[in-house]
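Trainee: Here is the input, now give the coordinates:
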Amino acid sequence: MLQKIKHLSLVDQVIIQIESLIESGTWPIGKKIPPEPDLVNDLNVSRNTLREGIRALCHAGVLTTKQGDGTYVSSNSTLGVAIQRRVQKSSLLDTLEVRNALEQEAAKLSAVRRTEEDLEKIRFYQQECNSFSIIGDLKRYVDADIKLHQTIVESTGNRILIDLYTHITEAIQNSITVILKEQFSINLPKNMHDQLVNAIVAQDPDSAAQIVEQSINEIKRAIEVEEV
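Mentor: Numbering: from 1, shown residues only. Below is the predicted model of the structure:
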């Protein structure tokens with residue numbers, strides 16, 4: 001049954017309930033949502049209210065209606081869709097600057113808050129990055145690099161930061177791939193990941209943030225040179 005939330009219309013409450021089902025994984029991406037009669041009964045709202053809520057989520061890009069088939073989940077949040085649309089209109093340098101800001105803060109918080117369990121995961125992806133860099137496996141290096149930074153972000157325990165970084169990573173996946181491939185030709189210290197992880201292990205937030213900034217700035221300079 002619909003959980004009433006003060007100061008929100010019934011349509012807004014329906015939207016929140018549906019988003020909650022999607023974000024929790026109850027309705028995964030690609031899954032067809034239950035038929036209208038079931039939802040009307042489960043949420044205890046009128047058909048018009050339900051339809052208005054679903055229409056809003058379709059407009060936001062969270063749901064997609066297929067004529068004669070039903071409605072499917074196409075994204076796990078309105079935030080993710082909004083960020084993806086915004087990033088598509090932004091330059092690579094703009095996305096780098098946002099990533100720089102988020103990863104610097106994540107590095108500082110991780111250095112203070114990380115647990116031994118977090119460090120075990122961080123070190124695992126650190127080793128993955130080093131291994132794939134040595135053999136020149138760009139695709140696997142890219143995947144390991146993204147997972148390393150995601151793990152660092154997750155170790156902060158800040159749910160908003162984690163969600164925001166997750167959606168940005170999804171939205172600029174192609175851009176990040178281009179950036180990380182460039183790292184094989186950009187003159188970066190080969191032990192940049194090692195330096196970052198060591199700073200987090202040593203609980204040195206200032207050094208951790210500086211290392212992230214140095215890495216991103218080197219990439220930005222290389223991109224700026226190529227665009228000249």
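
Trainee: Tell me where the chain has helices.
Mentor: Secondary structure of the chain (DSSP state H): helices at 10-23, 36-43, 47-60, 78-88, 92-113, 116-135, 138-154, 159-171, 173-182, 192-201, 205-227.

Trainee: Among these, which comes closest to residue 70?
Mentor: Nearest to residue 70 among these is helix 36-43; the distance by Cβ to Cβ comes to 9.2 Å. All C-beta spots, glycine's among them, are computed from the backbone N, C-alpha and C.

Trainee: Just give the nearest non-adjacent residue to residue 163, would you?
Mentor: With sequence-adjacent residues excluded and distances taken as Cβ to Cβ, 6 or more residues apart in numbering, residue 163 is closest to residue 79, at 6.9 Å.

Trainee: Run through the residues that contact the residue nearest to residue 164 when sequence neighbours are not counted.
Mentor: Leaving aside its sequence neighbours, residue 164 sits nearest to residue 102 (Cβ to Cβ, 6+ apart; 6.8 Å). Each residue near residue 102 by Cβ atoms under 8 Å, 6 or more residues apart in numbering is listed here: 153, 161, 164-165, 168.

Trainee: for this protein, what helix or strand is lowest in average pLDDT?
Mentor: Sorted by mean pLDDT, DSSP states H and E, the helices and strands of the chain end with helix 173-182, the least confident at a mean of 60.

Trainee: Residue 50 and residue 13 touch, don't they?
Mentor: No - the pair residue 50 / residue 13 is not scored as a contact, 11.0 Å apart, by Cβ atoms under 8 Å.

Trainee: For residue 60, see how far away the residue nearest the centre of the chain is.
Mentor: A centroid search over the chain (Cα atoms, centre = their mean) returns residue 166, at 1.2 Å, as the residue closest to the centre. Going from residue 166 to residue 60 by Cβ to Cβ, to the nearest Å gives 18 Å.

Trainee: again, but for residue 41
Mentor: With Cβ to Cβ as the criterion, residue 41 and residue 60 are 24 Å apart.

Trainee: List the contacts of the most far-flung residue of the chain relative to its centre.
Mentor: Most distant residue from the mean C-alpha position of the chain: residue 46, 34.7 Å away (Cα atoms, centre = their mean). By Cβ under 8 Å, 6+ apart, residue 46 lies in contact with residue 40.
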